[in-house]
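Colleague: Predicted structure and sequence below. I'll ask about it afterward.
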Amino acid sequence: MADATEVDRGSGYAMRGLQAKVIEGIGRAIVRGTYAPGDLVPKEAELTEQYAVSRTSVREAMRVLAAKGLVDIRQKIGTRVRRTDQWNAFDVDILRWHSDEGRGESIFKDLVEVRQIMEPQAARLAAGRASMDDLRRLETALRTMDASVGDRDAYAHADVDFHVAVYGASHNALLRQFGAVVADSMYLSFSVQQVTATNEARLAADVAQHANVLAAINRGDGERAANAMLEVVLDGKSALIEALGHPEAAGDD
């Protein structure tokens, strides 16, 4: 009997345990470099034996890996690993595999740099466009962050909710979609950042910085909102750099 359904949010696929085993194994091997760009992954018959799964599970797993941009499936040729610049950089599994394999530093920093460009401008727009519902979502996320300083996982989820709410409050369709796309990646990044958050005071200071963003948006002060958000992102970048110097930040979870 198959394992309970797991959701691959990065590619939008729901997958079951046996299929997930192949996705994890091949996906990690590609990120690790066992299968380099241009290489053919083992044939279907070999993978069914290696992972003790059916051909159907292997085929479905390859489709998911193709959706992540990791492989290209060609009839009569086989399944070939794609160039790294063709991988879905925002896919949460690819980001997690990079982190688990000790290769997450550059991709995490790239994510922060993109947020450094996008989020201050989203906050600037939100200051002039946020609705009452938007403000309520931001306030709810901020209250949850404040109440969760003793629970890193809950705090990271609330932190993501706050940033996604800022993107939404911009009322720019592309920024809103970008926020949704990077939500899972932000959660993983925030979880890594918190490796060095050894006391609640440090997270409480982070809550205060997010409160500055909300206050500026609420006042309609776009310049202050953008500057406050930039401060949040840059402080997060510093925490991430510090955390990546700790071995526990790239564990084998």
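Modeller: On my side now, so go ahead.

Colleague: List the buried residues in the longest helix anywhere in the chain.
Modeller: Determined from DSSP state H, the single longest helix within the chain is helix 105-129. Buried residues in helix 105-129, counted by 16 or more other Cβ atoms under 10 Å: 105, 107-108, 111-112, 114-115, 118-127. The C-beta positions use only the backbone N, C-alpha and C, and glycine is treated the same way.

Colleague: Counting by contacts, list what it packs against.
Modeller: Other helices and strands packing on helix 105-129, by 3 or more Cβ pairs under 8 Å, 6 or more residues apart in numbering; DSSP states H and E, are helix 92-100, helix 152-169, helix 173-193, helix 200-219, helix 222-244.

Colleague: And the helices in the stretch 1-150 of the chain?
Modeller: 17-32, 44-51, 55-67, 92-100, 105-129, 132-147 (DSSP state H, counting those that start in this stretch).

Colleague: Before we move on, what's the pLDDT of residue 92?
Modeller: On pLDDT, residue 92 comes in at 86.

Colleague: any idea of the pLDDT on the closest residue to it other than its chain neighbours?
Modeller: Excluding its sequence neighbours, the residue lying closest to residue 92 (Cβ to Cβ, 6 or more residues apart in numbering) is residue 184, at 3.7 Å. Predicted confidence (pLDDT) for residue 184: 89.

Colleague: Next: the one 4 residues further on.
Modeller: The predicted local confidence for residue 188 comes out at a pLDDT of 88.

Colleague: Please work out how many residues are found near it.
Modeller: Neighbour count for residue 188, taken as other Cβ atoms under 10 Å: 20.

Colleague: again with residue 31
Modeller: 24.

Colleague: ok, it touching residue 94?
Modeller: Yes. Between residue 31 and residue 94 there is a contact under Cβ atoms under 8 Å: 6.6 Å.

Colleague: now stretch 88-106, how far from the centre of its chain.
Modeller: Mean-position distance between stretch 88-106 and its chain equals 9 Å (Cα atoms, centre = their mean, to the nearest Å).

Colleague: Pull the contacting residues for residue 191.
Modeller: 152-153, 156 (Cβ atoms under 8 Å, 6 or more residues apart in numbering).

Colleague: Turn the helices of the stretch 1-150 of the chain into TSV, including distance to residue 81.
Modeller: Compiled in TSV, the helices of the stretch 1-150 of the chain are given as follows (distance: least, Cβ to Cβ, whole Å):
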stretch	distance to residue 81
helix 17-32	6
helix 44-51	14
helix 55-67	9
helix 92-100	13
helix 105-129	17
helix 132-147	39
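
Colleague: most neighbours per residue, which of those?
Modeller: helix 92-100 (a mean of 22; mean count of other Cβ atoms under 10 Å).

Colleague: quick one, that helix and helix 17-32 angle?
Modeller: 50 degrees (axes from the mean of the first three to the mean of the last three Cα atoms, to 10 degrees).

Colleague: now helix 92-100 and helix 105-129, what's the angle there?
Modeller: Using the same axes, to 10 degrees: helix 92-100 against helix 105-129 is 130 degrees.

Colleague: same for helix 92-100, what does it pack against?
Modeller: By 3+ Cβ pairs under 8 Å, 6+ apart, helix 92-100 packs against helix 17-32, helix 105-129, helix 173-193.

Colleague: just checking, what packs against the shortest one?
Modeller: Pointing back at helix 17-32 there. strand 6-8, helix 44-51, helix 55-67, helix 92-100.
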